[in-house]
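In: the sequence isn't on hand, but the structure is:
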DNA sequence: CTCCAAAATCTAGCGGCGCTAGGAACTGAT
DNA sequence: ATCAGTTCCTAGCGCCGCTAGATTTTGGAG
């Protein structure tokens, strides 16, 4: 027997679930993931700590949830970068959009690639936004496959983008060469 | 006035300094960096916690010290991979050695690239093993520069290697394509 | 050999962490 | 109006990084 009241509660619960995810992300954006503690998060949503644990198994699951939303956003970014572009331009657009995303959303990118504990990835069980985002890369790289295995090419190209994103942000590459790296990478990939 | 006893103490102090670094690394190798707490580390070296702080400003400085030794080891690995190889083979050797290093020393690689807080990098003040290791990469990539800026090429190639190393270890690339990625990357870089 | 300042080291504790047991407070069908 | 069931909070556990202050050890001077 499901009463209207139960429906309302379920709705409120779902809202609070999203509130937790959003608050974690905002806090991470503003002060970094180190500042995202269960106590501060609980304060921010105006509930006590144990409420968090009625929504998520542990703190890692909250980060995973943020990461998953990050992949959905990345998917949209890549998709709209590729949309309506001539085949020859797709790789440039997608690669540029990828690096811009990583640059503009550092906390989110960290959640997706450094902190997310165990989102399944290279398997069929991988969450769909994640597979779809990789699919966007695949499509862009396919243009330049030229007989090579598209999947391998995409993984290698993605690795290069990911490496550029992380090493750049860690200040391990020369700032003055910043604008020359992506063009050169694209050159390599197209050849 | 410096007495012999003071010299002995200084020597013992230096030994203990290295003991802390080695113990931190062993503990990280065996159980991951999460297990490296100041308490457990103090137990392991058979001194109390505050002794750690008479050698290092904070826990981060210990990790940095481990990372720095890691760069020295990486330097040696890359150097001996390149040594005595024909120009045409240097890139393959160095790239393979790099990925093997990352694969075989995951905790060390983490210290160097994920945990190390603020080793200066792209600047002249960067520690020498670090600059030298990059120099080995530079030399290997120079062979295939073909008119392109060697520095930019090296940074891009290094990013690709770093991306491959990290994404592979996070299980974000398809295991069955593992052996095809490096050859394809080398193909791109040579072209 | 004894003394005793200086150096080395430890004990104990602070505030904060992730997480949870157990009880209080609220809700809503009867 | 009652009261089972649900929701939520208080309080606390064991751990963390780090440090103040007491204690022990050291080794040159008398």
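Out: Arrived safely, thanks for sending. Owing to the predicted nature of the structure, the values given are computational and were not obtained by experimental measurement.

In: and after the longest helix seen in chain A, which helix or strand comes next?
Out: The helix that spans the most residues within chain A, counting by DSSP state H, is helix A:4-31. Downstream of helix A:4-31, the first helix or strand assigned by DSSP states H and E is helix A:38-45.

In: and that next one, what's buried?
Out: Neighbour counts using 16 or more other CB atoms under 10 Å in any protein chain shown place A:38, A:41-42, A:44-45 of helix A:38-45 among the buried residues. Heads up, the C-betas are built off the backbone N, CA and C, glycines and all.

In: and the residues you listed near DNA strand C, which?
Out: The subset of the buried residues of helix A:38-45 within reach of DNA strand C, by CB under 7 Å from any atom of the strand, is residue A:38.

In: rebuild the buried residues of helix A:38-45 as JSON lines, extending it with distance to residue B:99.
Out: Listed next are the buried residues of helix A:38-45 as JSON lines, based on distance: CB to CB, whole Å:
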{"residue": "A:38", "distance to residue B:99": "38"}
{"residue": "A:41", "distance to residue B:99": "38"}
{"residue": "A:42", "distance to residue B:99": "43"}
{"residue": "A:44", "distance to residue B:99": "42"}
{"residue": "A:45", "distance to residue B:99": "43"}
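
In: of all residues in chain A, which one is closest to DNA strand D?
Out: The nearest approach of chain A to DNA strand D comes at residue A:48, 3.3 Å away (CB to the nearest atom of the strand).

In: contact partners for the closest residue in space to that residue that isn't next to it in sequence?
Out: Leaving aside its chain neighbours, residue A:48 sits nearest to residue A:42 (5.7 Å; criterion: CB to CB, 6 or more residues apart in numbering or on different chains). Residue A:42 makes contact with A:48-49, A:51-52 under the criterion CB atoms under 8 Å, 6 or more residues apart in numbering or on different chains.

In: okay, now the unreliable bits of chain A?
Out: A:1-6, A:8, A:122 (pLDDT under 70).

In: that older thread, and the residue of chain A closest to DNA strand D, how far is that from residue A:66?
Out: Look at residue A:48 and residue A:66: by CB to CB, to the nearest Å, they are 21 Å apart.

In: between these two, which is the more surrounded one?
Out: Higher neighbour count among residue A:48 and residue A:66: residue A:66, with 24 against 10, using other CB atoms under 10 Å in any protein chain shown.

In: I'd say that one and residue A:111 touch.
Out: Yes - using CB atoms under 8 Å, residue A:66 is in contact with residue A:111, at 4.7 Å.
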